[in-house]
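Engineer: Mind looking at a prediction? Sequence and model below.
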Amino acid sequence: MGTHKQYTGYRSYQYLEENLDYKSFTLAKEIGRVPSRQVALSPVEEQRVQELLAQHIAISMHDHPVVMPEDTSEIFEQKRRGRDFTGFAGLAASGLDCIFDNLMNGLCTITSQAGWKWNDVLHDLGMRLCDLAHQDFIIVCDGVRDIMGAHKTGRLALVPTLESATPIENELDRLDVLYGFGIRSMGIAYSEANALGSGLRESRDGGLTEFGRQGVRRMNKLGILIDAAHCGDQTTLDIITESERPIVISHAGARSLWNTRRLKPANVLEALAAKGGVLGIEAAPHTTLTEQHPRHNIESCMEHFEYAVKLIGIEHVGFGPDTMFGDHVGLHHAYAALFSIA
């Protein structure tokens, strides 16, 4: 279906009354918040783009497709209330057939400023699924058949995803619970280490713990796609070795182009591809920079894409923009003093 989506105008929580059933916020624009940069195409090239979108499935490997408050100072209060607003109109305009929705995750600070609390994460997931149950454009994705069905019918498949297994604490069976609630993809660790392994923020990466190995095996059995985007290098290599199924690094880039732990070194990317995994190229601010393009833009992102394709092959490279509807830079500034959201 490509860009011809069957969206009829539903807005989040329209079945409720604003400022009676919930507090409303002035939200950022989903379309046209900032001027778009149009890539210059000839009529023939534009026609080819439309044909590709119509014939092939377009997937975002990592995003947070919710609408942020226009005033970034209101982000904290909105998150504490545990009610995010899905950007239905923006998603319909995107042409995507499937999106991995990473929910609030570390920003889920309903009861704790540190985030990642089990009850908060379930509250966030349940609230979003409740909203999605009241509309008919987005399909909550249970498997590949739903992605193919969304493409065929002009809808969008949404994969509920968590960026870290931190909320399971030391309870392995919580992975089963999360699968039961619809989670189909999950990271092992975020920037900070947890009971399973080390995040990329740690100065010493001890790799997967024994509990982490158990977690990888359980996720394989359940059918939860494993993501190592925020894991340290050794933890990522251990995950690739331990997992019987291909994993993803859903939103990152190549450290060879920009020396930061947020990006992955060549040996990790090669190990990922050797086991059938896929890298998603990040597009959030301050990540996929290069020496040629030290200011973040589409050229810097595409330089990472081209490098990765040459290194590990086109079949192992996709896109995980890690974007949202609103001021992404403002969000980072708002939370920088609280905890790492790298």
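Structural biologist: Received, thanks.
Engineer: Pull stretch 143-153 out as CSV, backbone CA atoms only.
Structural biologist: Taking Å, rounded to 0.1, in the frame of the first residue of the first chain, the C-alpha atoms of stretch 143-153 are listed here in CSV:
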residue,chain,number,x,y,z
GLY,A,143,4.1,-11.9,14.4
VAL,A,144,5.3,-11.4,10.9
ARG,A,145,1.8,-12.2,9.5
ASP,A,146,0.5,-9.0,11.0
ILE,A,147,3.3,-6.9,9.3
MET,A,148,2.4,-8.5,6.0
GLY,A,149,-1.3,-7.9,6.6
ALA,A,150,-0.7,-4.3,7.6
HIS,A,151,1.1,-3.6,4.3
LYS,A,152,-1.6,-5.3,2.3
THR,A,153,-4.5,-3.4,3.9
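Engineer: buried stuff in that stretch?
Structural biologist: Residues 146, 147, 150, 151 are the ones in stretch 143-153 that count as buried (16 or more other Cβ atoms under 10 Å). For every residue, glycine as well, the C-beta is placed using N, CA and C.
Engineer: go on, stretch 93-110?
Structural biologist: Burial within stretch 93-110, assessed by neighbour count using 16+ other Cβ under 10 Å, is assigned to 94-110.
Engineer: Stretch 191-207 now?
Structural biologist: Within stretch 191-207, the residues that qualify as buried are 191-202, 205, 207, counting by 16+ other Cβ under 10 Å.
Engineer: Name the member of those with the shortest distance to residue 117.
Structural biologist: Distance ranking of the buried residues of stretch 191-207 against residue 117, using Cβ to Cβ, places residue 194 first at 12.7 Å.
Engineer: What are the boundaries of the helices in the stretch 101-250 of the chain?
Structural biologist: Using DSSP state H, counting those that start in this stretch, the helices of the stretch 101-250 of the chain run over 118-132, 144-153, 174-180, 210-222, 233-242.
Engineer: just the buried residues of stretch 191-207 now: which is nearest residue 288?
Structural biologist: Checking the buried residues of stretch 191-207 against residue 288 with Cβ to Cβ, the nearest one is residue 200 at 14.7 Å.
Engineer: In this structure that closest one contacts residue 191, no?
Structural biologist: Yes. Under the criterion of Cβ atoms under 8 Å, residue 200 makes contact with residue 191 at 5.8 Å.
Engineer: from the buried residues of stretch 191-207, which is closest to residue 306?
Structural biologist: Closest approach between the buried residues of stretch 191-207 and residue 306, by Cβ to Cβ: residue 200, at 23.4 Å.
Engineer: ok, the closest one - contacts?
Structural biologist: Residue 200 makes contact with 191, 230, 231, 232, 233, 261, 262, 342 under the criterion Cβ atoms under 8 Å, 6 or more residues apart in numbering.
Engineer: Narrow those to just the buried residues.
Structural biologist: Burial by neighbour count, judged by 16+ other Cβ under 10 Å, picks out 191, 230, 231, 232, 233, 261, 262, 342 from the contacts of residue 200.
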